[in-house]
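1. Model the following, please.
(chains A and B)
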Amino acid sequence: MNQASREPRHKRPLRKAPFVVITAFLLLWMIGVATGEPSRVLEQAMQVCLSCIGIG
Amino acid sequence: MERVRKWVQVIVGFLTNSSWSFPFTNTIYQGPLKVICAPGLNCYSCPAATTYCPMGSIQQLLGGLRFALENSQYYFGFSVLGSIGVLGGLFGRLICGWACPFGFIQELLHKVPSRKFGIPRLLSHGKYMFLLLFVVVLPLVLVDEFGTGHPWFCKFVCPAGTLEAGLPMLFLQPNLRNTIGLLFLNKFVIMILFLTWAVFSSRPFCRTACPLGAFYALFSKVRLIKLHLDEAKCTNCKACHHVCPMGVKFNESPDDPECITCLACMNKACKFDAISLEIGGIPLAVADSGLSPASKP
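-> Just a heads-up that it's a prediction; the model follows:
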């Protein structure tokens, strides 16, 4: 057994902020999905955007 | 652990660019997988791309917002923002270190033997300017006679787009070569500058200009998975300063927005186990490459 595993592990409190942030953005994503945005994103992503890549 | 990270970078790179039919179709992948958000900066006009680029999509949606609203379509970019927000809340800039193809390319270029230089910290603010101005404000505000904005970052700056999409499309569709003009020349020069800079400095694009890196950096304090500094164990030896590819002085700034959680400080530098990986405050028992404290450099 090494020294590190013999040392008592200090308990740190569970951070709640990440869960709040993730939930908020998950809600935002759901709102976006509800408005039908993914179909527009898909439509755009399926076309070659020439000006986007510096051509044309 | 460094080898694991490299493999993850390769696998994610292939997963986000896994359509290899383009030599036969001469165009980009147009299937339904493109509704999935790429975690890193990966141009969706890349012939092999199977996911959409969040930065490209946001600019397109904001540029077309006026037109969409006139048609009662409320495309504010919420689904894209939600996707990268969830990723940011979970991983933050860990994505830059583990899942961005353009970051990986820069890391490979930095392995070319040459004299190496640091990057002034002041330049790291540039990426926030690109995020705010080129990704949000300009596409939204500067519109043409049809009321449509342009994807300013993609159009005038993005070297990942030039490398992953512009050059391959010119190769696949020879008729496009007649349309090359100043716009392409400008982007080509920017790409060459960043790729050359990557040989001499570590990840210059990520540190100075990447808007997606800037967005993920906003989550540095609140992301679920991050490195933790045990101040009681830290001896302020500054060994972590010398191994960080992003120029972070970890023991002075444990929640630094530049930290890409590559784990170099934890595995290659700290002899005192002062740095650990945690999930939501709970420490993870991550193997330190099998090195005992005495054998670490």
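
2. only C-alpha atoms for contact and neighbour calcs from this point on.
-> Noted.

3. got a list of what residue A:31 touches?
-> By C-alpha atoms under 8 Å, 6 or more residues apart in numbering or on different chains, the residues touching residue A:31 are B:78, B:79.

4. now it, what's its secondary structure?
-> Assigned by DSSP: H, G, I helix; E, B strand; the rest coil, the conformation of residue A:31 is helix.

5. Likewise for residue B:227?
-> Three-state call for residue B:227 (three-state DSSP): strand.

6. any idea which helix or strand carries residue B:89?
-> helix B:78-91 (DSSP states H and E).

7. So what touches that helix?
-> A:18-19, A:21-23, A:25-33, A:37-38, B:37, B:39, B:54, B:57-58, B:215-216, B:219, B:222-226.

8. Okay, and which of these map to helices?
-> Members of the contacts of helix B:78-91 lying in helices (criterion: DSSP state H): A:18-19, A:21-23, A:25-33, A:37-38, B:54, B:57-58, B:215-216.

9. which of those residues count as buried?
-> Among the ones in helices among the contacts of helix B:78-91, those buried by neighbour count (16 or more other C-alpha atoms under 10 Å in any protein chain shown) are A:18-19, A:21-23, A:25-33, A:37-38, B:54, B:57-58, B:215-216.

10. relative to helix A:17-34, how tilted is the helix holding residue B:89?
-> Computed with axes from the mean of the first three to the mean of the last three C-alpha atoms, to 10 degrees, the direction of helix B:78-91 lies at 160 degrees from that of helix A:17-34.

11. Now do helix B:78-91 against strand B:225-229, angle only.
-> Using the same axes, to 10 degrees, helix B:78-91 lies at 30 degrees relative to strand B:225-229.

12. any residue of the helix or strand just after helix B:78-91 up close to chain A?
-> Downstream of helix B:78-91, the first helix or strand assigned by DSSP H and E is helix B:94-98. No - on the criterion C-alpha under 8 Å from any C-alpha of the partner chain, helix B:94-98 is out of touch with chain A, staying 14.4 Å away.

13. just checking, what packs against the very next helix or strand once past helix B:94-98?
-> Counting by DSSP H and E, the next helix or strand C-terminal to helix B:94-98 is helix B:101-110. Identification of packing neighbours for helix B:101-110 by 3 or more C-alpha pairs under 8 Å, 6 or more residues apart in numbering or on different chains; DSSP states H and E yields helix B:2-16, helix B:94-98, helix B:182-200.

14. Using CSV, list the CA coordinates for the helix holding residue B:89.
-> C-alpha atoms of helix B:78-91 as CSV (Å, rounded to 0.1, in the frame of the first residue of the first chain):
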residue,chain,number,x,y,z
PHE,B,78,-30.8,28.1,-29.2
SER,B,79,-30.3,24.5,-30.2
VAL,B,80,-26.6,25.1,-31.2
LEU,B,81,-26.0,27.3,-28.1
GLY,B,82,-27.7,24.6,-26.0
SER,B,83,-25.5,21.9,-27.5
ILE,B,84,-22.2,23.6,-26.9
GLY,B,85,-23.4,24.9,-23.6
VAL,B,86,-24.1,21.4,-22.3
LEU,B,87,-20.6,20.4,-23.6
GLY,B,88,-19.1,23.4,-22.0
GLY,B,89,-20.8,22.7,-18.7
LEU,B,90,-19.6,19.1,-18.8
PHE,B,91,-16.1,19.5,-20.2
